[in-house]
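J.: Predicted structure and sequence below. I'll ask about it afterward.
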Amino acid sequence: MTTTNPKEQFLMAFLTFMSSIAGRATRVIAGLAFIVVGLVLGGFGYVLVVLGLVPFVAGAFDVCLLAPLGHMPFAGKAFREAASQR
């Protein structure tokens, strides 16, 4: 089932990228960057450490936390299978 709504097309393209290997790597790198910056800043920077853990862990465990926005499964492998059938 394809959609003609440009917003839904953009969302699915974004989610498909985020569930790809490049998207996972991007999330891991961004998470590490937040963690490092938070550790360097100290104090309230530790909030960045906690926030950085979210994309880092999601990328490392192949989970797409935004997938439910597109009515897709969390698990990366299941997402890729469902996206290929659309």
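T.: Thanks, I have the structure now.
J.: N5: what's it in contact with?
T.: Going by CB atoms under 8 Å, 6 or more residues apart in numbering, N5 touches no other residue. For glycine as for every other residue, the C-beta is placed from the backbone atoms N, C-alpha and C.
J.: And the lowest mean pLDDT element among the helices and strands of the protein?
T.: helix 76-84 (a mean of 83; mean pLDDT, DSSP states H and E).
J.: Grab the longest helix from this structure for me.
T.: If you go by DSSP state H, the chain has its longest helix at helix 21-41.
J.: Would you mark the buried spots in whichever helix or strand T16 is part of?
T.: Element membership for T16, per DSSP states H and E: helix 6-18. For helix 6-18, a neighbour-count test (16 or more other CB atoms under 10 Å) marks L11, M12, L15, T16, M18 as buried.
J.: So which elements touch it?
T.: helix 21-41, helix 76-84 (3 or more CB pairs under 8 Å, 6 or more residues apart in numbering; DSSP states H and E).
J.: Please consider this matter closed, and thank you.
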